[in-house]
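Student: return atomic coordinates for the entry below.
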Amino acid sequence: MYRAAPPVALRQLSQRMKPSGPSATGGSIRQPASFNGIVGLKPTYGLVSRYGLLAFASSLDQIGPLVKDVTDAAIVLNAIAGHDPRDSTSIPQEKKDYKKALVRDVKGMKIGVPKEFFGEGIKEETKAAIDAALDFYKKEGAEIVPVSIPHINSGVSVYYIIAPAEASSNLARYDGVSYGFRAPGEDIIDMYIKTRSQGFGEEVKRRIMLGNYVLSAGYYDAYYLKALKVRALLKQEFDEAFKLCDVIAAPSASGTSFKFGAFSDPLSLYMEDICTVPVNLIGAPSISIPVGFKDGMPLGMQLIGKTLAEETILQAAYTFEQAHPEFTKTAPKGEIKE
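Tutor: Modelled structure (predicted):
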């Protein structure tokens, strides 16, 4: 997104910190926020224009802020949200002031807790931190409501069919002919092969190959079409859950940040996305806030809202943050010593 922000919003930001506006396809805003003890907001799909963004998976990519606190998240969202005719997925709607949602009050708010988000793979320290956060909300007058989203565990499988399929199409344009990196070759075919071999990393090439496979004749119905059906089913289950609550609380990640090289198996690394990809698949808004520490490393919780209900999750997040300033402390600089 490269649209100019209003002067007032820019002045407010200049007094605080420089905002970041990354894109999220399956968790690239909320997981880094969780690992670094900051706030990450993934808006509703279509709320923020994707014009100018290099597409990875067009039905999943969303732009949002990585910032110090919830107030900054609201300020940045004011600057970047809004209809853009250059993006065909942009939602036509009137401009909102999301700073009005920064109210410390959750009385009467219903917070849903799906048991499926807290199953195998979620660390005990993460569960304990979120339980403590839910106890706080209860004391503040919120109602904690058990809900169920049975196909949460299918989210990763669905995501790693749909996202690579869309990526294989979007990344086909990077062939060394029109623009971008070009490797020298003996002829155009040799140049094309070397460009895509040298220009893409191993993980990108793995996803392109997987995407081409699930879209190929004989496998489209077995994989891609079935994934689309499960995605629709997941959306229905979230809609049913939101009939019982205003916000859904869940982990942003399984635990604290993992070390480089901790996963030698790509499938094990993919499973780290189990908390975040379902929300991208349904296009709902979600905000990750710090809720605790384990051995000095931050833990995060995400608050998921209904479509275009950014105000609700901002209010819930702000309420918790204002009562727990110790979780938004600045991390020490330098390398972590073993």
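Student: surely Ile29 is in contact with Ile38?
Tutor: No: here Ile29 does not reach Ile38: they are 10.3 Å apart, not a contact under Cβ atoms under 8 Å. The way it works is simple: take the backbone N, C-alpha and C, and place the C-beta from them, glycine included.
Student: check whether Arg86 sits in a helix, strand or coil.
Tutor: Classification of Arg86 by DSSP: H, G, I helix; E, B strand; the rest coil places it in coil.
Student: which residues touch it?
Tutor: By Cβ atoms under 8 Å, 6 or more residues apart in numbering, the contact list for Arg86 reads 49, 51.
Student: again, only using 10 Å
Tutor: By Cβ atoms under 10 Å, 6 or more residues apart in numbering, the contact set of Arg86 is 3, 49-52.
Student: of these, buried ones?
Tutor: Buried members of these, scored by 16 or more other Cβ atoms under 10 Å, are 49-51.
Student: the residues you listed into a markdown table, with extra columns for pLDDT and secondary structure?
Tutor: Compiled in a markdown table, these are given as follows (pLDDT from 0 to 100; DSSP: H, G, I helix; E, B strand; the rest coil):
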| residue | pLDDT | secondary structure |
| --- | --- | --- |
| Ser49 | 94 | coil |
| Arg50 | 93 | coil |
| Tyr51 | 92 | coil |
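Student: can you pull out the helices in the stretch 1-150 of the chain?
Tutor: Using DSSP state H, counting those that start in this stretch, the helices of the stretch 1-150 of the chain run over 7-14, 30-36, 70-80, 124-139.
Student: mean confidence score for the third one?
Tutor: Read it as helix 70-80. Mean pLDDT, helix 70-80: 96.
Student: follow-up on the earlier one: compare Ile29 and Ile38 and say which is more crowded by neighbours.
Tutor: The neighbour comparison of Ile29 against Ile38 (other Cβ atoms under 10 Å) goes to Ile29, with 29 against 25.
Student: mind listing what the closest residue to the more buried one other than its chain neighbours touches?
Tutor: The shortest distance from Ile29 to any non-neighbouring residue, by Cβ to Cβ, 6 or more residues apart in numbering, is to Gly40 (4.1 Å). Counting by Cβ under 10 Å, 6+ apart, Gly40 touches 20, 22, 24, 27-34, 64-67, 73, 252, 276, 286-289, 300, 302.
Student: can you read off the pLDDT for Gly40?
Tutor: For Gly40, the predicted pLDDT is 97.
Student: return the distance of it relative to Ala129.
Tutor: With distances taken as Cβ to Cβ, to the nearest Å, Gly40 is found 16 Å from Ala129.
Student: please apply the same query to Leu303.
Tutor: Separation of Leu303 from Ala129 (Cβ to Cβ): 14 Å.
Student: of the two, who's got more company?
Tutor: Just comparing Leu303 and Ala129: by other Cβ under 10 Å the higher neighbour count belongs to Leu303, 26 against 23.
Student: the one helix or strand the more buried one maps to vs helix 124-139, what angle?
Tutor: According to DSSP states H and E, Leu303 maps onto strand 297-305. On the basis of axes from the mean of the first three to the mean of the last three Cα atoms, to 10 degrees, strand 297-305 is oriented at 50 degrees to helix 124-139.
Student: so how far is the first residue of stretch 113-129 from its last?
Tutor: One end of stretch 113-129 sits 14 Å from the other (Cα to Cα, to the nearest Å).
Student: buried ones in it?
Tutor: 113-114, 116-118, 122, 125-126, 129.
Student: quick revisit: for the helix or strand just after the strand holding Leu303, the averaged confidence score.
Tutor: For strand 297-305, the following helix or strand on the C-terminal side (DSSP H and E) is helix 310-323. For helix 310-323, the mean per-residue pLDDT is 98.
Student: give the other helices and strands that helix 310-323 contacts.
Tutor: strand 39-42, helix 70-80, helix 124-139, strand 247-251, strand 286-294, strand 297-305 (3 or more Cβ pairs under 10 Å, 6 or more residues apart in numbering; DSSP states H and E).
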